[in-house]
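Enquirer: sequence and predicted model, in that order:
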Amino acid sequence: MFVRAYLRASTKEQDANRARGDLEAFAKDRGLSIAATYVENESGASLARPELFRLLADCKPGDILLIEQVDRLSRLNAVDWDRLKRELEDRKVRVVALDLPTSHMMMTKTDDEFTGRMFGAINSMLLDMLAAIARKDYDDRRRRQAQGIIKAKEAGLFRGRPEDTERNNAILKMLQSGQSWSSIVAATGCSRSTLSRLSKRLTTA
């Protein structure tokens, strides 16, 4: 049995490693050590998370996926959560979250099949509930944000996110020099939609 820690934050401005110490201490208190740690800055509302799926690919049946909170694993809609949950079940990965006390028992092996199945069923039910709450929180925040933008626009206060002129000028120079989009994305961390918008400036200039 290996314990694999998963650390996620939504944006590059946030510290995905923030909870590393808490996860290590949690495992140590139970006489276990973390075999590998997977860190990424991606939205929990998306399944496009390379490090999460690298973790799952590395897992063997019975391995533990250790997270700080259920929302670090999922802010997914119901369809995508079902897909991820099936992946976890097919690989026989046990999810343990610091904010889900009933999951802590999953770190202890039991020879009692009935007890093991009962613990698994209870944990699965509560995981579903917390995943649904995490998604509702995500949807509520998005709705409030959209409402705030509408009000700000009506009041003439909303101007959108200021352009990163220095970065965009550097990207324009890279485009002009013939560098590939993939190399520019890797070097700057910008999105392909940003690249598309900036490349249009060159064709209209």
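Expert: Noted; the coordinates are in hand. Residues are numbered from 1 along each chain as shown.
Enquirer: give me the nearest residue to Met106, chain neighbours excluded.
Expert: Here the nearest residue to Met106 in space, its sequence neighbours aside, is Arg94; by C-beta to C-beta, 6 or more residues apart in numbering that works out to 4.3 Å. Heads up, the C-betas are built off the backbone N, CA and C, glycines and all.
Enquirer: surely that neighbour and Ile64 touch.
Expert: Yes: the pair Arg94 and Ile64 qualifies as a contact (C-beta atoms under 8 Å) at a distance of 5.1 Å.
Enquirer: now list whatever residues contact both of these two.
Expert: Met106, Met107 (C-beta atoms under 8 Å, 6 or more residues apart in numbering).
Enquirer: how far out from the middle of the chain is the one helix or strand Ala132 maps to?
Expert: Secondary-structure element containing Ala132, defined by DSSP states H and E: helix 113-154. Once both centres are worked out by C-alpha atoms, centre = their mean, to the nearest Å, helix 113-154 turns out to sit 13 Å from its chain's centre.
Enquirer: which residue is nearest the middle of this structure?
Expert: Using C-alpha atoms, centre = their mean, the residue of the chain that lies closest to the mean C-alpha position is Gly44, 3.8 Å off.
Enquirer: elements contacting the helix holding Ala132?
Expert: Applying 3 or more C-beta pairs under 8 Å, 6 or more residues apart in numbering; DSSP states H and E, one finds that helix 113-154 makes contact with helix 70-73, helix 78-90, strand 94-97.
Enquirer: can you name the next helix or strand after that helix?
Expert: helix 165-176.
Enquirer: measure how far that following helix is from the centre of its chain, please.
Expert: Mean-position distance between helix 165-176 and its chain equals 29 Å (C-alpha atoms, centre = their mean).
Enquirer: what mean pLDDT does it get?
Expert: Along helix 165-176, the predicted local confidence has a mean pLDDT of 86.
Enquirer: cool, and stretch 180-187?
Expert: Model confidence over stretch 180-187 averages 84 on the pLDDT scale.
Enquirer: send the alpha carbons of whichever helix or strand Leu7 is part of over as CSV?
Expert: With secondary structure defined by DSSP H and E, Leu7 is part of strand 3-9. What follows is strand 3-9, C-alpha atoms only, in CSV (Å, rounded to 0.1, in the frame of the first residue of the first chain):
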residue,chain,number,x,y,z
VAL,A,3,0.2,6.8,0.0
ARG,A,4,0.1,9.3,-2.8
ALA,A,5,-0.5,12.9,-1.9
TYR,A,6,-2.4,15.2,-4.4
LEU,A,7,-2.0,19.0,-4.0
ARG,A,8,-4.0,21.3,-6.2
ALA,A,9,-4.6,25.0,-6.5
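Enquirer: helices or strands next to that strand in the packing?
Expert: For strand 3-9, the packing partners by 3+ C-beta pairs under 8 Å, 6+ apart come out as helix 20-29, strand 34-41, helix 50-58, strand 64-67, helix 70-73.
Enquirer: neighbouring contacts of that strand?
Expert: By C-beta under 8 Å, 6+ apart, the list of residues contacting strand 3-9 from outside reads 15-20, 23-24, 27, 32-42, 44, 49, 51-52, 55, 58-59, 63-68, 72-73, 107.
Enquirer: let's see 6 Å
Expert: Residues outside strand 3-9 that contact it (C-beta atoms under 6 Å, 6 or more residues apart in numbering): 16-17, 23, 27, 32, 34-41, 55, 64-67, 72.
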